[in-house]
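Undergrad: Pasting the sequence and the predicted model now:
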Protein chains: 2
Amino acid sequence: MAATTETGRSACAINLTLEVVGDKWSLLIIRDIIFGNRRHYRELLTKSDEGISSNILADRLKTLMEAGILTREDDPTHKQKGIYSLTEQGIELLPVLAQMATWGVKYLPVSEELGIRAQLLRDGGPKMWAEFMDELRETHLGIKRKRKAGPSVSERLRKAYEAVVAKRTGKRHHA
Amino acid sequence: MAATTETGRSACAINLTLEVVGDKWSLLIIRDIIFGNRRHYRELLTKSDEGISSNILADRLKTLMEAGILTREDDPTHKQKGIYSLTEQGIELLPVLAQMATWGVKYLPVSEELGIRAQLLRDGGPKMWAEFMDELRETHLGIKRKRKAGPSVSERLRKAYEAVVAKRTGKRHHA
DNA sequence: CATACCGATTGCATTTTGCAACTGGTTGCA
DNA sequence: TGCAACCAGTTGCAAAATGCAATCGGTATG
């Protein structure tokens, strides 16, 4: 059967996608960039719950750049820092992450504070994803978007997360 | 930060999902079951474009069963054969695959014959996915569904694929 | 001018993957 | 009855990916 790629696997859309982002770390890095607004190597390395190794992170950032999902430019405020940005191609991975989050929060033991964003994103549906993607286009690609009334999606996600954390902390204080 | 699972990683929905299906093979196996209607070990091993090793396949099938995504029962027609079925949890991975296929067909060099299904699924949207999932519930879980007018989603996908293959073969004959 | 921070890189141990041969059993057919 | 083809895996081993800790040369900060 049709095996065409260098890995000897097929030119199927799902397979090719998995060859790019189908490892344990790539989508987690993209998640941290999208939802955690991590833009620097050091932020991705330390400000995450997952504990990726520095060599793996360096390797994945390189791979994701070669795949056209990320770009890197120098940070004008610091000669050593680089700023990683999503490309349009990278931004459009959001629906994949959203579907994974929806599935995970339904079937796996997701914590309450980390699950709230997944639920919000699920309930918001493709319309909310599109709005969020427009916000990402603004911050990562510099493409101005039409101002919407009310708080942005990223603000709403952050607020919801903080509300759950506050609630739990409060509970714990009273218990 | 909150690292709770046995792997030392977080209880985030996306991370937990990736810990279950975030390897190179699991989602390909599920793809073959969903879109290729593969139900036996030997079918999954040989009737795929990817060339998975028998030990890896055995290991992943075990893992996916432990994760509650697949079940296995004896085939009454053959004492050695087992029939693998999707659970509801497995069926609900379809939207994840559909989003991956949509992304892949947009950004990666997907072949025409393998891309046609991805495009159909993208254009059909969540409504078509829901219909397909109902068909899967019937074949895998034995849950009767309301008959729809016209051909099923799986038939439509198969027909579209065959049409492209026929067209290409025809072209080649004339070229 | 010392200390902390910056993006990585290196060496090495462990784990996962891939390949090919093989096992014990079943089925279909002559 | 016997034999070839098929069945779902298993085994041993080599190769590749991953994970960990220490380190590197350079930069900002007090």
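TA: Good, I have the coordinates.
Undergrad: check whether the worst-scoring helix or strand of chain A on mean pLDDT contacts chain B.
TA: For chain A, counting by mean pLDDT, DSSP states H and E, helix A:153-174 ranks last in confidence among helices and strands (a mean of 88). No: for helix A:153-174, no contact with chain B is found by Cβ under 8 Å from any Cβ of the partner chain; the gap never falls below 10.3 Å. The way it works is simple: take the backbone N, C-alpha and C, and place the C-beta from them, glycine included.
Undergrad: And the contacts of that helix?
TA: With contact meaning Cβ atoms under 8 Å, 6 or more residues apart in numbering or on different chains, helix A:153-174 is reached by A:35, A:37, A:112-114, A:116-117, A:120-121, A:124, A:128, A:131-132, A:135, A:151.
Undergrad: Does stretch A:20-35 reach DNA strand D?
TA: Yes: among the residues of stretch A:20-35, A:D23, A:K24, A:W25 lie within reach of DNA strand D under Cβ under 7 Å from any atom of the strand.
Undergrad: Name the member of these with the most neighbours.
TA: Counting neighbours by other Cβ atoms under 10 Å in any protein chain shown, A:W25 leads those with 19 neighbours.
Undergrad: so what's that residue up against?
TA: Neighbour list for A:W25: A:I52, A:I56, A:L57, A:R60 [criterion: Cβ under 8 Å, 6+ apart].
Undergrad: So what's the residue count around the second one?
TA: Right, A:I56. Neighbourhood size, A:I56 [other Cβ under 10 Å]: 14.
Undergrad: Distance of it relative to A:L64?
TA: As judged by Cβ to Cβ, to the nearest Å, A:I56 and A:L64 stand 12 Å apart.
Undergrad: what does A:L108 give?
TA: Relative to A:L64, and taking Cβ to Cβ, A:L108 is found at 25 Å.
Undergrad: From the chain's centroid, how far away is the least confident helix or strand of chain A?
TA: Distance of helix A:153-174 from its chain centroid, counting by Cα atoms, centre = their mean, to the nearest Å, is 20 Å.
Undergrad: Looking at A:L108 and A:L64 now, which is surrounded by more residues?
TA: Neighbour count, other Cβ under 10 Å: between A:L108 and A:L64, A:L64 has more, with 25 against 20.
Undergrad: low-scoring stretches of chain A, by residue?
TA: Of all residues in chain A, those with pLDDT under 70 make up the ranges A:1-6, A:172-175.
Undergrad: Can you pull up the most central residue in it?
TA: By Cα atoms, centre = their mean, chain A has its centre lying nearest to A:R31, at 2.0 Å.
Undergrad: So what does that one look like in phi/psi?
TA: phi -60, psi -50 (degrees, to the nearest 10).
Undergrad: if you skip the residues just before and after it, what's nearest to it?
TA: Nearest non-adjacent residue to A:R31, counting by Cβ to Cβ, 6 or more residues apart in numbering or on different chains: B:I14, 5.2 Å away.
Undergrad: Pretty sure that neighbour sits against A:I29.
TA: No: B:I14 is beyond contact range of A:I29, at 11.2 Å (criterion: Cβ atoms under 8 Å).
Undergrad: the more surrounded of the two?
TA: B:I14 (29 against 24).
Undergrad: got the contact list for the more buried one?
TA: B:I14 is in contact with A:L27, A:L28, A:R31, A:L97, A:M100, A:A101, A:G104, A:A118, counting by Cβ under 8 Å, 6+ apart.
Undergrad: what's the offset of stretch A:37-51 from the middle of its chain?
TA: With Cα atoms, centre = their mean, you get 12 Å for stretch A:37-51.
Undergrad: now swap in stretch A:108-123 and tell me
TA: In terms of Cα atoms, centre = their mean, the centre of stretch A:108-123 is set 14 Å apart from its chain centre.
Undergrad: Name the residues of stretch A:154-162 that are buried.
TA: A:S154, A:R156, A:L157, A:R158, A:Y161 (16 or more other Cβ atoms under 10 Å in any protein chain shown).
Undergrad: Return the member of these nearest to A:R145.
TA: A:S154 (12.4 Å; Cβ to Cβ).
Undergrad: May I have the secondary structure class of A:T71?
TA: strand (DSSP: H, G, I helix; E, B strand; the rest coil).
Undergrad: With A:L64 as the reference, measure out to it.
TA: Per Cβ to Cβ, A:T71 is found 10 Å from A:L64.
Undergrad: And for A:E73?
TA: For A:E73 relative to A:L64 (Cβ to Cβ), the value is 15 Å.
Undergrad: Next up, the contacts around the residue nearest to A:K47 when sequence neighbours are not counted.
TA: What sits nearest to A:K47 in space, not counting adjacent residues and going by Cβ to Cβ, 6+ apart, is A:R38, at 6.2 Å. Applying Cβ under 8 Å, 6+ apart to A:R38 gives the contacts A:D32, A:L44, A:K47, A:S48.
Undergrad: Domain ranges for chain A, per the record?
TA: A:10-86, A:93-175 (automatic domain parsing).
Undergrad: Give me every residue in chain A lying close to DNA strand C.
TA: A:8, A:40-43, A:45, A:54-55, A:58, A:61, A:72, A:78, A:80-82.
Undergrad: Of the residues you listed, which pair is most distant in space?
TA: Greatest spatial distance in these: A:G8 and A:H78, 43.2 Å, computed using Cβ to Cβ.
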